[in-house]
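Q: sequence plus predicted model, see below.
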Amino acid sequence: MDIKTLKISDSVQWIGVLDKNIRTFDIIMETKYGTTYNSYFINAQKKAIVETVKITSWETYETKMRQVCNPLEIEYIIINHTEPDHVGNLQKTLQICSNAKVVGSQVTIKFLQNQMGYNFPQLAVKDNDVIDLGNRHLTIISTPNLHWPDSTYTYLQEEQILFTCDSFGAHFCHEEMYDDLVGYYNDAFQYYFDVILKPFSSYFLRAIDKIRSLPIKTICTGHGPILRTYWRQIVKKTEQLCLEYLSNYPVKNRVLIAFVSAYGFTKTIAEKIKEGLEEVKEIEIDFCNIEKMDTVTLSDKVAKASAYLLGSPTINHNMLPQLYQLFTCMNPIREKNKPASCFGSYGWSGETNHILISNINNMKMKFFGETFFIKFKPQENDFEKIKNFGKKFGLFVRS
Ligand SMILES: Cc1cc2nc3c(=O)[nH]c(=O)nc-3n(C[C@H](O)[C@H](O)[C@H](O)COP(=O)(O)O)c2cc1C
Ligand SMILES: [Fe+2]
Ligand SMILES: [Fe+2]
């Protein structure tokens, strides 16, 4: 069993868990270097833990915690983010830390209540609140939407340590844990940023602004290396990536026509819509069959687009899974108010029409009002109507 703990400063110890062999994370992410779930014990006059770990790692986690403290002495469990990879073990942790209160933002407490289903000891905090641990003090920094609405950072004043959970992290597992000992992991860092945090770049820049004036010695992340040497470079790189993303995305008047088609009928509609759209000046078209597209490419296309035309046949009263996949690449904050509509071929019941409309509305996009669905094969005499639909949509995007 992995029993390694790591002394980070006078009072802070890493008690996280290594997950070397995980190869897929949250279903959608590749984790070819494994990952770590970082948790930290603060040995102050009042004792605290920052983050817990994923549910599958309980035994290792409990062993590590008991190695560094008597769980009954823990008074605070600080939660910066409530995704199950950070709080999956919270209920079990509370059972052994029976004198502890859970500390988190209002949203954090609400999300935890929904996940755990009972009323646990709690302390809701807001931006700039300070948790007094006697000889140590923790400042709560509100940093929402990184990447959930609940997120916060926590700053240990006396030792200048910033706990940032998913921010500045990476799915990268190396026993040495310190950024200066684990070797080069830029591709893991960049991939993590691209998939998890990039869509929230404007929030990330706000968070970076908030920590700019803080004296920092170490950034303790929620996944992967602890940044004791290169934190400045990592923060700077993150800032550059956010700025780059915000300046390139979305591209003005760029319409993503994304579709799947079993027999080519939906594809024909897509092609005719494209012809109509091409008649509108200054519209850029990204035309793609997304049947076999990987999520990174798809996410990039979704982010770049400033409008969407989404197509699928109806198969077994439903749209095809690639379209569901596309919606998981969307971000309701970023996609809000982007013009959108849908199209497709169907045989008899045609449920895809309303399923796509309701997804478009759920995402709070600006629904065009019209869609184009047709029974089986689009015929020659439909082509003009389809082109016209494309043209009208283009004018709607430009308006
Ligand atoms: C396995 C299967 C299930 C289908 N189920 C439905 C259905 O539930 N409702 C419907 O309207 N059409 C259904 N269809 C018909 C397709 O929507 C229709 O053939 C459509 O033209 C296919 O368009 P495509 O060539 O773009 O894939 C089904 C077709 C297949 C092959
Ligand atoms: Fe997360
Ligand atoms: Fe995470």
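A: Nice, I can see it. On a predicted model such as this, the values are computed, not experimentally measured, just so you know. Ligands and ions are numbered 1, 2, ... in the order given.

Q: close to ligand 2: what parts of this protein are there?
A: Residues of the chain that fall close to ligand 2, judged by Cβ under 5 Å from the ion: 83, 166. The C-beta positions use only the backbone N, C-alpha and C, and glycine is treated the same way.

Q: below-threshold pLDDT in the chain: ranges please.
A: Regions of the chain meeting the criterion pLDDT under 70 cover residues 27.

Q: quick one, domains of it?
A: Residue ranges for each domain of the chain read 6-248, 254-398, as given by automatic domain parsing.

Q: okay, strands next: where are they in the stretch 101-250 of the chain?
A: 101-105, 122-125, 130-132, 137-142, 152-156, 161-165, 218-221 (DSSP state E, counting those that start in this stretch).

Q: what does the protein have sitting close to ligand 1?
A: Selection of the chain residues close to ligand 1 by Cβ under 6 Å from any ligand atom yields 261-266, 313-317, 345-350, 376.

Q: next step: those restricted to strands.
A: Secondary structure defined by DSSP state E assigns 345-346 of the residues of the chain next to ligand 1 to strands.

Q: just the helices in the stretch 51-200 of the chain please.
A: Using DSSP state H, counting those that start in this stretch, the helices of the stretch 51-200 of the chain run over residues 58-68, 84-87, 90-96, 106-116, 186-192.

Q: now tabulate those in a markdown table and tack on mean neighbour count.
A: Shown next, in a markdown table, are those (neighbours: other Cβ atoms under 10 Å):
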| stretch | mean neighbour count |
| --- | --- |
| helix 58-68 | 18 |
| helix 84-87 | 21 |
| helix 90-96 | 18 |
| helix 106-116 | 17 |
| helix 186-192 | 18 |
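
Q: show me what contacts the residue nearest to Asn337 when sequence neighbours are not counted?
A: Closest residue in space to Asn337, ignoring its immediate chain neighbours: Lys366 at 5.2 Å, by Cβ to Cβ, 6 or more residues apart in numbering. Counting by Cβ atoms under 8 Å, 6 or more residues apart in numbering, Lys366 touches 337-340.

Q: most neighbours of all the residues you listed, which one?
A: Taking other Cβ atoms under 10 Å as the neighbour criterion, Ala340 ranks highest of the contacts of Lys366 with 27 neighbours.

Q: what's the first helix or strand after the helix or strand where it lies?
A: In this assignment (DSSP states H and E), Ala340 forms part of strand 339-346. Remark: after strand 339-346, the chain's next helix or strand is helix 352-362, criterion DSSP H and E.

Q: now for that next one, which elements pack on it?
A: strand 307-311, helix 321-328, strand 339-346, strand 366-367 (3 or more Cβ pairs under 8 Å, 6 or more residues apart in numbering; DSSP states H and E).

Q: 10 Å instead, please
A: strand 307-311, helix 321-328, strand 339-346, strand 366-367, strand 372-375 (3 or more Cβ pairs under 10 Å, 6 or more residues apart in numbering; DSSP states H and E).

Q: one step back: can I get the strands of the stretch 101-250 of the chain in JSON lines with mean neighbour count?
A: Listed next are those as JSON lines, based on neighbours: other Cβ under 10 Å:
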{"stretch": "strand 101-105", "mean neighbour count": "24"}
{"stretch": "strand 122-125", "mean neighbour count": "16"}
{"stretch": "strand 130-132", "mean neighbour count": "15"}
{"stretch": "strand 137-142", "mean neighbour count": "19"}
{"stretch": "strand 152-156", "mean neighbour count": "25"}
{"stretch": "strand 161-165", "mean neighbour count": "26"}
{"stretch": "strand 218-221", "mean neighbour count": "25"}
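
Q: in a markdown table, list those along with distance to ligand 3.
A: Formatted as a markdown table, the strands of the stretch 101-250 of the chain follow (distance: least, Cβ to the ion, whole Å):
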| stretch | distance to ligand 3 |
| --- | --- |
| strand 101-105 | 15 |
| strand 122-125 | 20 |
| strand 130-132 | 22 |
| strand 137-142 | 18 |
| strand 152-156 | 14 |
| strand 161-165 | 7 |
| strand 218-221 | 9 |
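
Q: will you turn these into TSV that also has distance to Ile285?
A: Listed next are the strands of the stretch 101-250 of the chain as TSV, based on distance: least, Cβ to Cβ, whole Å:
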stretch	distance to Ile285
strand 101-105	42
strand 122-125	48
strand 130-132	53
strand 137-142	41
strand 152-156	41
strand 161-165	39
strand 218-221	40
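
Q: can you pull the contacts of whichever residue of the stretch 101-250 of the chain sits closest to ligand 1?
A: Per Cβ to the nearest ligand atom, Pro250 is where the stretch 101-250 of the chain lies closest to ligand 1, at 27.2 Å. Going by Cβ atoms under 10 Å, 6 or more residues apart in numbering, Pro250 touches 256, 302-307, 334-335, 338.

Q: any of those buried? List them.
A: Among the contacts of Pro250, those that count as buried by neighbour count (16 or more other Cβ atoms under 10 Å) are 256, 302-303, 305-307, 334-335, 338.

Q: which one of those residues is nearest to ligand 2?
A: Of all the buried ones among the contacts of Pro250, Arg334 has the smallest distance to ligand 2: 17.2 Å, by Cβ to the ion.

Q: give me the distance between the closest residue in space to the closest one that isn't next to it in sequence and ligand 2.
A: The spatial neighbour of Arg334 that comes closest, neighbours along the chain excluded (Cβ to Cβ, 6+ apart), is Pro199 at 5.4 Å. With distances taken as Cβ to the ion, to the nearest Å, Pro199 is found 13 Å from ligand 2.
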